[in-house]
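Asker: structure of the sequence below:
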Amino acid sequence: MSGVNLDQLCAKYGWQIADEVHRAIDKHAENHITKSLGVLQEDGVYAFFLYQDSRGQREKPGADKLTEQASAFLREARIEAFQSASDPPLKAVREHLAGDLDQLLLAKRLLEQALIYARYHAKAMG
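Answerer: Next up, the predicted model:
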């Protein structure tokens, strides 16, 4: 993956995640992003996407935007399991990413960094 600055990509998607989630659920964006980061750090990538799927009516629009942005981010970061746009994220993680420990750990680390940036962007948005 030469030529790709992964921290720059994390910053780009951190901003996009905060912007999209804030547009979808306004003042609840920071809280949703923070809880999503906690799930990712404690339970992993599969739990992160499952958490987005399980959100109730209030958070669902933001969770859907977060899932879209996270999937696009992993696709642009060239995580192989996300190269097929036809696979839903849970299937991509369960059937492909979980079988490749190096890619799984890279995906988790990248999502963590992007969500940290997103949390601060969301906090600044109010």
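
Asker: ok, the residue nearest the centre of the chain to G44 distance?
Answerer: The centre of the chain sits closest to A70, judged by CA atoms, centre = their mean, with a distance of 3.3 Å. Distance of A70 to G44, given as CB to CB, to the nearest Å: 13 Å. From N, CA and C alone the C-beta is placed, and that goes for glycine too.

Asker: try R55
Answerer: Distance, R55 to G44, using CB to CB: 18 Å.

Asker: again, but for Q52
Answerer: For Q52, the distance to G44 (CB to CB) stands at 13 Å.

Asker: with A114 instead?
Answerer: Applying CB to CB to A114 and G44 gives a distance of 16 Å.

Asker: same deal with L104?
Answerer: 8 Å.

Asker: over to H121?
Answerer: 24 Å.

Asker: so is R58 in a helix, a strand, or just coil?
Answerer: Recorded secondary structure, R58: coil (DSSP: H, G, I helix; E, B strand; the rest coil).
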